[in-house]
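A.B. asks: Next comes the sequence, and after it the predicted model I'd like to discuss.
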Amino acid sequence: MNYSLTAGKERKRKSMKIRFKDNSSVFDGSVKKIAQNMLLVQTETKAKDQNMAEIEVLTEYGNVIAKYEGFETVYKEIDGGMILSNDGTVYVEQPEQEPDVDQIRTAKLAEVSSRCESAIFAGVDVELTDGSVEHISLKEKDQINLFGKQSQLAAGATQLEYHEDGKLCKYYSAEDMTKIIEAAMKFVSYHTTYCNSMNAWIKGAQTAEEIEAIQYGTQIPDKYKSKVLKDYEAAMGA
């Protein structure tokens, strides 16, 4: 349990009169019950050494409008006051825990897988025989459709219906459809291969800091690259 409280305007806005047991002195401040066993007491002047067994809240004319009893334990001191408990509970600072490397590794593997899928789904630009460039989406249904076009090409089709991302269907020549399919398959294979090598990198990393620093799209150290990825990069001039 942690509390962050501000003094200044907030305290001044809620300022009231407070009197502690066996003390005729009156403090300016505020009292608020913040949990069943917790009482927040803020005072303009430090009141730590007061008898907390009984705390009275007064009007400016000295009339008692609220009384709290039994909150005798200082649970935690805070800026401008303290939190009291009525069951003997005191705040214990928890030691900083070492990061769980296995959990971080698992999360990073999932993150990289998601980034790979998003990169593939975003699609690829394909240059057609007339020199124009079209963007082809590669969501799962698009990939299935393109695999179906392979069967049409194998059957000897010379004109195949398909569509650029977000546009109406039109007819493509067998040559253009072949270009689209080849570009799509190469794009999917590259990202799948890259992700595979990146997974090897994540699994080989030893510290949480090293794992967290790995980002999809960055250059993978050679020792984690597969032969296939190296061949792809050589062909791409990477």
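C.D. replies: Thanks, I have it.

A.B. asks: Please count neighbours and contacts with C-alpha atoms only from this point.
C.D. replies: Fine.

A.B. asks: which helix is the longest one in the chain?
C.D. replies: helix 174-204 (DSSP state H).

A.B. asks: Buried residues, that one. List them.
C.D. replies: Buried residues in helix 174-204, counted by 16 or more other C-alpha atoms under 10 Å: 174, 176-181, 183-184, 187-203.

A.B. asks: now do stretch 120-134
C.D. replies: For stretch 120-134, burial by neighbour count (16+ other C-alpha under 10 Å) applies to 120-121, 123-126, 128.

A.B. asks: and those, which of them are in strands?
C.D. replies: In this view, the buried residues of stretch 120-134 that belong to strands under DSSP state E are 124-126.

A.B. asks: Mean pLDDT per helix and strand in the protein: which one sits at the bottom?
C.D. replies: helix 8-13 (a mean of 39; mean pLDDT, DSSP states H and E).

A.B. asks: Could you point out the helix or strand that follows it?
C.D. replies: strand 16-21 (DSSP states H and E).

A.B. asks: For that following strand, which strands pair with it and how are they oriented?
C.D. replies: Next to strand 16-21 in the sheet, as set by DSSP bridges, lie strand 27-35 (antiparallel), strand 51-58 (antiparallel).

A.B. asks: Now the element after the longest one, going C-ward?
C.D. replies: Pointing back at strand 27-35 there. Next along from strand 27-35, by DSSP H and E: strand 38-43.

A.B. asks: Output the contacting helices and strands for that next one.
C.D. replies: strand 27-35, strand 81-85 (3 or more C-alpha pairs under 8 Å, 6 or more residues apart in numbering; DSSP states H and E).

A.B. asks: and of the buried residues of stretch 120-134, the nearest to residue 35?
C.D. replies: residue 121 (50.0 Å; C-alpha to C-alpha).

A.B. asks: OK, contacts around that closest one?
C.D. replies: 137-140 (C-alpha atoms under 8 Å, 6 or more residues apart in numbering).

A.B. asks: Now do it against residue 114, distance only.
C.D. replies: Counting by C-alpha to C-alpha, to the nearest Å, the gap from residue 121 to residue 114 is 10 Å.

A.B. asks: cool, residue 176 as well?
C.D. replies: 30 Å.

A.B. asks: Repeat that for residue 211.
C.D. replies: Where residue 114 is concerned, residue 211 sits at a distance of 16 Å (C-alpha to C-alpha).

A.B. asks: more crowded one of the two?
C.D. replies: residue 211 (21 against 14; other C-alpha atoms under 10 Å).

A.B. asks: For the strand or helix carrying the more buried one, list every residue counted as buried.
C.D. replies: Using DSSP H and E, residue 211 maps to helix 208-213. Buried residues in helix 208-213, defined by neighbour count with 16+ other C-alpha under 10 Å: 208, 211.
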